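[1] structure for this input, please:
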Amino acid sequence: MFTGGSLLIGTVGRPDLVEPRLTEQLARAQHASAHRLAGELPDEAAVLPTHGFGSFCSSSQQEGDSTTIGKEKTSNEALTAPDADTFVAGLLAGLDDVPAYYAHMGPLNAAGPAPLDLTPPAVADPDEIAARLAAGEWVVDLRNRVAFASGHVAGTYNVEAEGQLATYLAWLIPWGKPVTLLAETPAQLADAQRELARVGIDRPAAAAVGGPADWLRPGGTPASFPARPSPTWRGGTRPRGSSCSTCGAPPSGRADRSTGPSTSRCTNCTAGCGRCPTGRCGCTAAAACAPPSPPPCWTRPAVTSSRWTTPSTGPARQDSPSARPERPAYARMRDDMADAPHQRYAPGRVGVPEAAARTGHGAAAGTSADAVLLDVRELHEWQAGHAPRAVHLPLSALAAGVPLPDAAQGVPLVVVCRSGNRSRQAAALLAERGADAVDVTGGMRDWADAGLPVVDAHGGDGSVS
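    From the prediction side, this is the model:
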């Protein structure tokens, strides 16, 4: 049975995308439609919806790519709810936000398609890129987050071409605002241009291909925010949920976390740097080192202290004579960039151990936290599993200008999402608004894999998908 956008896997299509005044009426129609199909079709009939596997058009986020009427009778919320009223109440209460551009899709589709121009956009040279940034336009770097962190044009946004580019860029950018795309290759640019045309960003104002050296004026220096290197493991890989026995760092990579020795130090903690405080990180050539020389691996001697930070929170100019080790690195970066006109502040990044330490989780539980963990995932993700002391505000709401929760007002923020993409964007938005914000590499997936606590909406054991 081809069920279109109505009966989906485990749920039904959203009833609130057409007209808010019709939402409840359409929810009841979805319930009636699902029961009619379940009553008329045999259990073995295949259900073939047009979308729903993570689509925003789905009322709730479900997994799977195939199903039957029989399976839906036992798992679909429209068919398992005791009555229509219960189903409608639950459905409407659980609806997540939808991308802001959805508000423009109906009129555009009703008007019919305009001729689509996918020819390469006008080429922007370094002077034009600088001028567009100075004018407050969006210049979007499409490279992956690691490349962006290593070096980028100050003031640009990073939305990865390989991720949900169309969804997140169209969600965040003010509708109709000119956008310039920076891509590594012509093929990456062409793919991005086609994806964006599907959500109403029909024509980039300009584009450039290459890297920061091609996008900066002569003599310009790329901005960067160094991340702590992902640890590798001596003697094999670490088991899922394990972390370094010395520094607490989560293992690198996600595919090789199922086997390995039960105890080990990561190579960051056995590198023999010769400058780490004895007994702190376990370097094989450990020797006491006196401040202010920051050692290259784990350098935070106390949970609540901000005297030392990991390189992941440091500014691009680690060797700057103006560095003030007694102050948080994200504040130093803000000061470093304060005199640079037309530059957006690029917030720092921290790993999961640093995030947990700063926000009072894991080994730091029960201590006074010096930052608040802000989770910017969608509601269904938060309800399934989040850190116990976190506060919640979806990226979609943040981008729409919704104020921060009271607990997150006027305090340093550590921003987390599922993997580190949305949190990167959220931290940049927060920093532009004057907040002290860093984001967490690896997100809640690495948080859970490190064995840190995750609770669901009812306070029980949670999960991160």
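[2] pretty sure His104 contacts Trp175?
    Yes: between His104 and Trp175 a contact is recorded at 6.0 Å, counting by Cβ atoms under 8 Å. Bear in mind the C-beta positions are built from the backbone N, C-alpha and C, glycine included.
[3] overlap of the contact sets of the two?
    Gly200 (Cβ atoms under 8 Å, 6 or more residues apart in numbering).
[4] of these two, which one has the most company?
    His104 (14 against 11; other Cβ atoms under 10 Å).
[5] just checking, the more buried one is part of a helix?
    Yes: according to DSSP: H, G, I helix; E, B strand; the rest coil, the state of His104 is that of a helix.
[6] distance check, it against Gly200.
    The gap separating His104 from Gly200 is 6 Å, by Cβ to Cβ, to the nearest Å.
[7] need the overlap of contacts for these two.
    In contact with both His104 and Gly200: Trp175, using Cβ under 8 Å, 6+ apart.
[8] can you tell me which residues contact the spatially closest residue to Leu216 that is not a sequence neighbour?
    Nearest residue to Leu216, sequence neighbours excluded (Cβ to Cβ, 6 or more residues apart in numbering): Pro126, at 5.6 Å. Neighbouring residues of Pro126 by Cβ under 8 Å, 6+ apart: 214-218, 220.
[9] which of these are buried, as a PyMOL select command?
    Here is the PyMOL command that selects the buried residues among those (16 or more other Cβ atoms under 10 Å):
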select buried, resi 215+216
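[10] re earlier: which pLDDT value belongs to the residue nearest to Leu216?
    With respect to pLDDT, Pro126 has a value of 96.
[11] what of Pro311?
    29.
[12] circling back to that earlier point, could you measure from the residue nearest to Leu216 over to Ala45?
    60 Å.
[13] what does Pro453 give?
    In terms of Cβ to Cβ, Pro453 sits 43 Å off from Ala45.
[14] go on, Ala355?
    According to Cβ to Cβ, Ala355 and Ala45 sit 48 Å apart.
[15] more neighbours: which of these two?
    Ala355 (29 against 15).
[16] host element of that one?
    helix 352-359 (DSSP states H and E).
[17] check which residues of that helix are buried.
    Neighbour count says helix 352-359 has 352-359 buried, by 16+ other Cβ under 10 Å.
[18] gap between that helix and the chain center?
    17 Å (Cα atoms, centre = their mean, to the nearest Å).
[19] from here on, count from 2
    Yes, from this point I'll number from 2; that puts the last item at helix 353-360.
[20] after that helix, which helix or strand is next?
    strand 373-376.
[21] ok, that next one: who's next to it in the sheet?
    Sheet pairing here is set by DSSP bridges, and for strand 373-376 it gives strand 392-393 (parallel), strand 414-417 (parallel).
[22] run through who's touching the shortest one.
    Applying Cβ under 8 Å, 6+ apart, the contact partners of strand 392-393 are 373-376, 378, 380, 383, 387, 406, 408-409.
[23] okay, now the closest residue to Glu185 other than its chain neighbours: neighbour count?
    Nearest residue to Glu185 in three dimensions, chain neighbours excluded: Arg144, at 5.5 Å (Cβ to Cβ, 6+ apart). Other residues lying near Arg144 total 23 when counted by other Cβ under 10 Å.
[24] now do the buried residues in stretch 31-39.
    31-32, 34-35, 38-39.
[25] average pLDDT for it?
    pLDDT averaged over stretch 31-39 gives 94.
[26] repeat for stretch 437-447
    91.
[27] next SSE after the one helix or strand in the chain whose mean pLDDT sits lowest?
    The weakest-scoring helix or strand in the chain, judged by mean pLDDT, DSSP states H and E, is helix 330-338 (a mean of 34). Note on helix 330-338: by DSSP H and E, the next helix or strand toward the C-terminus is strand 350-351.
[28] which strands and helices lie in contact with that next one?
    When contacts are defined as 3 or more Cβ pairs under 8 Å, 6 or more residues apart in numbering; DSSP states H and E, strand 350-351 packs onto strand 438-441.
[29] so which of the strands paired with strand 373-376 is nearest Tyr169?
    Using Cβ to Cβ as the measure, strand 414-417 is the one of these that comes nearest Tyr169, at 14.8 Å.
[30] give me the distance from that closest one to the chain's centre.
    Counting by Cα atoms, centre = their mean, strand 414-417 comes out at 10 Å from the chain centroid.
[31] equivalent analysis for stretch 121-141, please.
    Worked out by Cα atoms, centre = their mean, stretch 121-141 lies 25 Å from the chain centre.
[32] between the two ends of that stretch, what distance do you get?
    Its first and final residues considered, stretch 121-141 spans 16 Å by Cα to Cα, to the nearest Å.
[33] stretch 175-187 now?
    Stretch 175-187 end-to-end distance (Cα to Cα) = 26 Å.
[34] which ones among the buried residues of stretch 31-39 lie within strands?
    Using DSSP state E, no member of the buried residues of stretch 31-39 sits in strands.
[35] make JSON lines from these and add distance to Ala171 to it.
    Putting the buried residues of stretch 31-39 into JSON lines (distance: Cβ to Cβ, whole Å) gives the following:
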{"residue": "Gln31", "distance to Ala171": "26"}
{"residue": "His32", "distance to Ala171": "31"}
{"residue": "Ser34", "distance to Ala171": "30"}
{"residue": "Ala35", "distance to Ala171": "30"}
{"residue": "Leu38", "distance to Ala171": "33"}
{"residue": "Ala39", "distance to Ala171": "36"}
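[36] from those, pick the one nearest Leu109.
    Using Cβ to Cβ, the buried residues of stretch 31-39 come closest to Leu109 at Gln31, 24.7 Å.
[37] isn't that closest one right up against Ser7?
    Yes: under the criterion of Cβ under 8 Å, Gln31 makes contact with Ser7 at 6.3 Å.
[38] how near is the residue nearest to Phe88 when sequence neighbours are not counted to Ile130?
    Spatial nearest neighbour of Phe88, chain neighbours left out: Ala82 (3.7 Å); criterion: Cβ to Cβ, 6+ apart. Separation of Ala82 from Ile130 (Cβ to Cβ) stands at 54 Å.
[39] these two: who's more crowded?
    Using other Cβ under 10 Å, the more surrounded residue of Ala82 and Ile130 is Ile130, with 23 against 17.
[40] can you map out the helices along the stretch 152-301 of the chain?
    166-173, 187-198, 213-216 (DSSP state H, counting those that start in this stretch).
[41] for the protein, longest helix please?
    Longest helix in the chain by number of residues (criterion: DSSP state H): helix 24-41.
[42] thanks a lot, see you next time.
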